[in-house]
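*Asks:* Turn this into a model:
(3 chains)
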Amino acid sequence: MPLKSKIESLLFISAKPMSIKQLADLIKVSEEDIKKAGEELAEQYQQNKNGIQVIKNASKFQMVSASDNAKLIQEFLQDETSGELSRPSLETLTIIAYRGPISKIDLDRIRGVNCSLILRNLLLRGLIELKSDKQTDDSFYSVSFDFLRFLGLNDVKELPEFAKLSEDNSIDKMLGTDEEKIISEEDTGEVNKN
Amino acid sequence: MPLKSKIESLLFISAKPMSIKQLADLIKVSEEDIKKAGEELAEQYQQNKNGIQVIKNASKFQMVSASDNAKLIQEFLQDETSGELSRPSLETLTIIAYRGPISKIDLDRIRGVNCSLILRNLLLRGLIELKSDKQTDDSFYSVSFDFLRFLGLNDVKELPEFAKLSEDNSIDKMLGTDEEKIISEEDTGEVNKN
Amino acid sequence: MNIKLEQFEGPLGLMLKLIEKEEMDITQISLAKIADEYVEYIRANVIQPEEMADFLVVAAKLLLIKSKALLPYLYPEEEAEMEELEQRLKMYKEFIEATKRIEKILDKKKFMFPREFNRKAMIANANSFTPPKTLKTEDMCMVFKDLLTRLRPAEKLAEKRLEKKISIEEKIFTIKEMILKRIKFSFNQLLENTSNKTDIIVSFLATLELMRQREVRLEQEDLFGEIWIHSLRIKE
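*Replies:* Okay, here's the model as predicted:
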């Protein structure tokens, strides 16, 4: 049943409801076929009492978690967003505060590891924001207004020793040399000049 | 099967890898029960060739779209992952996949060359993870979920000749590998969990 | 030699390429056979200074294996070390083959994707804000300072340049030049411009080599006395 599998994949990935037309265009089959397969899928999930359900609303399908588990999911979100921050999370938040707006790749390089999951958690808690530059399509993280207010600040510049610390050049130096090394690594065969 | 349904809901909502421990804490059953149900779930999805798959790495599970639908999803997300890696990077990644968790010294020895820069690059790309043993302060590298997703595998054990290459006793003899309890940055750092 | 090493490929990679080029299996015999080519390669190519040591260690082992192949009764105690090199290379080769298989899997581009993070889909009330209750600005300042300390580059190690050493070949050439100009000269004259110990040893070895080649005759009247180097060439 590759058709059902394709619909499943798309509904899973898209957090939003998807119209029959959109699904048909992407999978390149007729709308009737999508409608039929989608309805079968919804019924299957319902009968199997899966933790995921496919619901149909007007001419749109959506994948959601089972309503029976609503309480469990609330607890999970509570768990993810309460309590103190781990040291890696705190460090990431601090870098964003003193050096924001900052791109993800620079954050990763400063910390030396991929920060995706940490950033996601900080976003979830409403501590940081992601803004995109419309022209260049680049995205940058900065601390949220809520977080500043929570710290009792009007502006990041009011953070202790902001001017001195935000302008310390060890980070710039490190980002600079790092770039050379990483580029030469990807550039196969090229003998490193340094 | 309310247990499986709960695991499904949580993996769906969290949209990230979840540890057996976190699942057990939330659902309030034993870790063994989670492990067993999670593995059954993963197998079920795989056998039914669903559009959704549950993949396993170390002691974590993640829900992802099926590898067969990669092209469709890439189109939908306008994702430009090319899968390209330099030869030395791929070589290092291969050794980590088969022999992880592995220390840097052992890796350098197998490749006969210092791997620092490559490891740094793989960490930044999120293809490997660095975990440290709290007691001995030793660090070990293992492949991440992103590596599995990259290859379209449900488990590292699905790598060709996994049993042979991962347990080659000449390596053990040579390197004197001993696998102690290893704790990741994520696990140790989380203040609110413990 | 038309072999090229990618950056970040080490001595094992080089050995494997040399063996594969000859279509040989990994044995002591094939290692002995590639020893010269290996040495030739590291001589002719630019190798990172920090990697040179690794390449040289393997070169020494290869030369040992080669001399063992020629003179089997020598070096019985080095047996284990030679076998270790062979084992390591075999293991490395297995991983190279595994890398090729993984590359094929990657080429299929069968990526799996997680759901995208979507805050609104996760939290019904998108305005919810859950700060870490006890966090203070001073904590953040401290964490950032720690980070800066960690990133500050370590003090540069003092650099020490290796002095240029003169090879025996070069020294032989110098002696030949000198002997063209006069019939005999003393060993001390040869050392006129040097006080370096290695240089003295090299000069002495070069002199002995020339004697062996019957280019010169050596003469020493007393123990520790001056050594005289005489030309054996018949003057045309």
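*Asks:* where along chain A do the helices fall?
*Replies:* In chain A, the segments counted as helices under DSSP state H are A:2-13, A:20-27, A:31-47, A:70-81, A:87-99, A:104-111, A:116-124, A:145-151, A:162-166, A:170-186.
*Asks:* what's the spacing between whichever residue of chain C sits closest to chain B and C:E51?
*Replies:* Scanning chain C for the residue nearest chain B gives C:G10, at 2.7 Å (criterion: C-beta to the nearest C-beta). In short, each C-beta sits where N, CA and C put it, glycine included. Per C-beta to C-beta, to the nearest Å, C:G10 is found 7 Å from C:E51.
*Asks:* Which parts of chain C are strands?
*Replies:* In chain C, the strands defined using DSSP state E lie at C:184-186, C:216-220, C:227-231.
*Asks:* Please name the strands paired to the shortest one in the sheet, noting orientation.
*Replies:* By that I understand strand C:184-186. strand C:227-231 (antiparallel) (DSSP bridges).
*Asks:* can you state the direction angle for the strand it pairs with and strand C:216-220?
*Replies:* Orientation note: strand C:227-231 sits at an angle of 150 degrees relative to strand C:216-220 (axes from the mean of the first three to the mean of the last three C-alpha atoms, to 10 degrees).
*Asks:* what does strand C:227-231 rub up against?
*Replies:* In this structure, residues lying in contact with strand C:227-231 by C-beta atoms under 8 Å, 6 or more residues apart in numbering or on different chains are C:175, C:179, C:182-187, C:190, C:207, C:210, C:215-220.
*Asks:* residues of it that come out buried?
*Replies:* Under the neighbour-count criterion of 16 or more other C-beta atoms under 10 Å in any protein chain shown, strand C:227-231 has C:228-229, C:231 buried.
*Asks:* Nearest to C:L31 among these?
*Replies:* C:I229 (40.9 Å; C-beta to C-beta).
*Asks:* tell me which residues form a beta bridge with the closest one?
*Replies:* Taking DSSP bridges as the rule, C:I229 bridges to C:F185, C:L218.
*Asks:* do the same with A:S132
*Replies:* Under the criterion used (DSSP bridges), A:S132 bridges to A:S139.
*Asks:* and the residue positioned nearest the centre of chain A, what pLDDT?
*Replies:* In chain A, the C-alpha nearest the mean C-alpha coordinate belongs to A:R120, at 5.1 Å (C-alpha atoms, centre = their mean). Per-residue confidence (pLDDT) for A:R120: 94.
*Asks:* State the distance from it to chain B.
*Replies:* Distance, A:R120 to chain B, using C-beta to the nearest C-beta, to the nearest Å: 7 Å.
*Asks:* now swap in A:F147 and tell me
*Replies:* 18 Å.
*Asks:* For the residue nearest to that residue when sequence neighbours are not counted, give me its contacts.
*Replies:* Using C-beta to C-beta, 6 or more residues apart in numbering or on different chains and skipping the chain neighbours, the partner closest in space to A:F147 is A:L127 (4.7 Å). By C-beta under 8 Å, 6+ apart, the contact set of A:L127 is A:93, A:143-144, A:146-147, C:129, C:131.
*Asks:* Number of residues surrounding C:N118?
*Replies:* The local packing of C:N118 (other C-beta atoms under 10 Å in any protein chain shown) involves 12 other residues.
*Asks:* Nearest residue to it in space, ignoring adjacent ones along the chain?
*Replies:* That would be A:A15: by C-beta to C-beta, 6+ apart, it lies 4.1 Å from C:N118.
*Asks:* One more: A:L26?
*Replies:* That would be B:F76: by C-beta to C-beta, 6+ apart, it lies 5.9 Å from A:L26.
*Asks:* hang on, the one you found packs against A:S14?
*Replies:* Yes - B:F76 lies in contact with A:S14 (C-beta atoms under 8 Å); the separation is 7.2 Å.
*Asks:* List just the nearest of the buried residues of strand C:227-231 to chain A.
*Replies:* Out of these, the member with the shortest distance to chain A (by C-beta to the nearest C-beta) is C:I229, at 43.7 Å.
*Asks:* List the residues that contact the closest residue to C:M140 other than its chain neighbours.
*Replies:* Nearest non-adjacent residue to C:M140, counting by C-beta to C-beta, 6+ apart: A:T94, 4.7 Å away. By C-beta under 8 Å, 6+ apart, A:T94 lies in contact with C:140, C:143-144, C:147.
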